[in-house]
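Trainee: here is a sequence with its predicted model. Questions after.
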Amino acid sequence: MNAEPQGALFPARHWHMLADGRIQCDVCPRYCKLNDGQRGLCFVRARAGDHLVLTTYGRSSGFCVDPIEKKPLNHFLPGTPVLSFGTAGCNLTCKFCQNWDISKAREIDRLNDAASPAQIAAMAAQLNCRSVAYTYNDPVVFLEYAIDTAISCRQHGLKNVAVTAGYIGAAARREFFAHMDAANVDLKAFTEDFYHQLCGGHLSDVLETLVYLKHETSVWLEITTLLIPGKNDSDDELAALAAWVAKELGPDVPLHFTAFHPDWKLREIGNTPAATLGRARAIARAAGLRYVYTGNVHDEAGGSTFCHGCGATLIGRDWYRLTAWGLNADGACRACGTALPGLFDPRPGDWGRKRLPVRLKR
Ligand code: SF4
C-alpha cells in the first residue's frame with residue numbers, strides 16, 4: 001500500500017472496517033486493506049482517519065469530444081459525438097497499458113481540469129453530444145464522481161457510457177451500472193494465466209461482470225479484446241473466448257478485436273499484424289457471433305456492420321467515419337427487415353472521425 005493521501009477528498013462508498021482496525025475497500029476484487037494514511041493499489045482511493053476517500057473527485061485529466069465509434073461502440077447512436085473524460089489511477093496493472101500516462105498517473109497535478117458533475121453535463125449538452133463517456137482510465141476507481149456526473153447527464157437527456165475492464169465488486173457493480181446506458185468492457189484475454197501475469201487480476205471476475213451486464217441490466221454491451229502477438233492470440237484461445245461469448249452472452253453482443261502497439265512495460269513485442277485481426281474475426285464469426293469488428297487498423301469490411309438476415313451493409317465505416325446507412329427508422333435492415341440489436345436514431349449522426357479537445361470554461 002502507498003502512504004500519504006492528498007488531493008480533493010470525497011467520501012468514498014463500498015468499504016468496511018475489519019476486526020483488526022484496517023479498512024477494506026470493496027469496490028474491486030483487490031479488496032485493499034488499508035491502515036490510516038494508506039492508498040489502495042489504484043492510488044486514488046485512500047484511508048483518511050476512519051473513512052475511505054476518493055482523492056480525484058471533481059478533477060479530470062482532460063476532455064475530448066470523440067466519435068462514439070472510438071470507444072468503441074458500433075451499435076449505440078452511430079455517428080454521434082461523445083464527451084470523453086477520465087481522471088487518474090487504475091485498479092489493474094496491465095503491463096501493456098495503452099493509456100499509461102493517465103492510468104498510472106500518481107501525481108494528482110496531472111489532473112488539471114477541475115470540473116463538477118453539473119459542469120460536465122452542461123458542457124456536453126452545449127457541445128451537442130449525445131452521451132458522456134467515462135474512459136481513459138477505468139471509471140471503477142472514480143465511481144462516486146462518475147455516478148454523480150451520470151445523474152447530472154441524465155437530467156440533460158444525455159446517455160452515459162462506461163469504458164471499463166469490468167474488474168469490480170458485486171455491490172459496486174450494481175450501483176455503478178444502474179447509471180450507465182452502454183458499456184464497452186475490455187476482455188483482455190481468455191486465460192487466468194494472462195490476467196494473473198500481465199494484469200494482476202482474475203478473468204473470472206470480469207466474466208461475472210459480463211454475465212451481469214447482459215442478463216441483469218438493460219445496459220447496451222460491447223466487448224473489446226486487444227490482441228497481443230504471442231500472448232492472447234492463439235486460434236485455441238480465440239475460439240474459446242468466442243464460444244464463451246456466444247454461449248453465455250448470446251450471438252448479438254458485438255466483439256471488437258483491436259491492434260496492440262508496444263507501450264508501457266511491454267515494448268519487446270511488435271504491433272499486431274492486420275492478418276491477426278482478420279483471423280480472429282473469422283474465428284469469432286465461425287463460433288456464431290454475428291457482429292465482430294477489427295479496430296486500430298484500416299479495414300473497411302472489418303469495421304462495418306452487416307445484416308445478419310441478408311448480408312446487406314447496414315453501417316459502413318471507414319475508420320470512425322460512416323460511409324453507408326442501410327437501417328430504416330426503426331433500426332432494422334431496409335432490405336429484409338431484420339432488426340439490428342443496439343440503440344439507433346432514425347438517422348445516422350454526422351460527427352465524422354474528428355476529435356475535439358475541450359477545456360471547461362471557468
Ligand atoms: S478500487 Fe480496488 S485497487 Fe482501488 S482501493 Fe479499492 S480495492 Fe484497492
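Mentor: Happy to help now that I have it.
Trainee: care to break the chain down by domain?
Mentor: As given by automatic domain parsing, the domain ranges for the chain are 10-54, 63-292, 304-352.
Trainee: test my guess that Val163 contacts Asn184.
Mentor: Yes - counting by C-beta atoms under 8 Å, Val163 does reach Asn184; the two are 5.1 Å apart. All C-beta atoms are positioned from the backbone trio N, CA, C, and that covers glycine.
Trainee: shared neighbours of the two, anything?
Mentor: Listed as contacting both Val163 and Asn184 by C-beta atoms under 8 Å, 6 or more residues apart in numbering are Lys71.
Trainee: for the domains of the chain, which one sits closest to His298?
Mentor: With C-beta to C-beta as the criterion, His298 lies closest to domain 304-352 of the domains of the chain, at 6.7 Å.
Trainee: for the closest one, give the mean pLDDT please.
Mentor: The average pLDDT within domain 304-352 is 97.
Trainee: tell me how far the ends of that domain are from each other?
Mentor: 15 Å (C-alpha to C-alpha, to the nearest Å).
Trainee: near the ligand, which residues of this structure show up?
Mentor: 25, 27-28, 30-32, 40-42, 45, 91, 141 (C-beta under 6 Å from any ligand atom).
Trainee: ok, back up a step: TSV for the domains of the chain, including mean neighbour count?
Mentor: Listed next are those as TSV, based on neighbours: other C-beta atoms under 10 Å:
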stretch	mean neighbour count
domain 10-54	19
domain 63-292	20
domain 304-352	17
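Trainee: rank these by pLDDT, which is bottom?
Mentor: domain 63-292 - the lowest mean pLDDT of the domains of the chain, at a mean of 93.
Trainee: and that domain, how far out from the chain middle?
Mentor: Averaged C-alpha coordinates place domain 63-292 at 2 Å from its chain's average position (C-alpha atoms, centre = their mean, to the nearest Å).
Trainee: okay, how far is it across that domain, tip to tip?
Mentor: Per C-alpha to C-alpha, the first residue of domain 63-292 is 29 Å away from its last.
Trainee: residue contacts, the residue of the chain found nearest the ligand?
Mentor: Checking the chain residue by residue against the ligand with C-beta to the nearest ligand atom singles out Gly40 as nearest, at 2.1 Å. By C-beta under 8 Å, 6+ apart, the contact list for Gly40 reads 1, 25, 30, 32, 34, 46, 91.
Trainee: let's see it at 10 Å
Mentor: Going by C-beta atoms under 10 Å, 6 or more residues apart in numbering, Gly40 touches 1-2, 12, 15, 23-25, 27-28, 30-34, 46-47, 52, 89, 91, 141.
Trainee: distance of it relative to Val292?
Mentor: 36 Å (C-beta to C-beta, to the nearest Å).
Trainee: surely Ala324 meets Ala301?
Mentor: No - checked against C-beta atoms under 10 Å, the pair Ala324 and Ala301 is beyond contact range at 11.8 Å.
Trainee: for the residue most central in space within the chain, which non-adjacent residue is spatially closest?
Mentor: The residue lying closest to the centre of the chain (C-alpha atoms, centre = their mean) is Val163, at 1.5 Å. Nearest residue to Val163, sequence neighbours excluded (C-beta to C-beta, 6 or more residues apart in numbering): Thr135, at 3.8 Å.
Trainee: residues contacting that neighbour?
Mentor: Thr135 makes contact with 64, 66, 70-71, 82, 84-86, 99, 102, 161-164, 184, according to C-beta under 10 Å, 6+ apart.
Trainee: and Thr80, by the same measure?
Mentor: Here Thr80 is in contact with 67-69, 73, 128-131, 159, 345, 348-351 (C-beta under 10 Å, 6+ apart).
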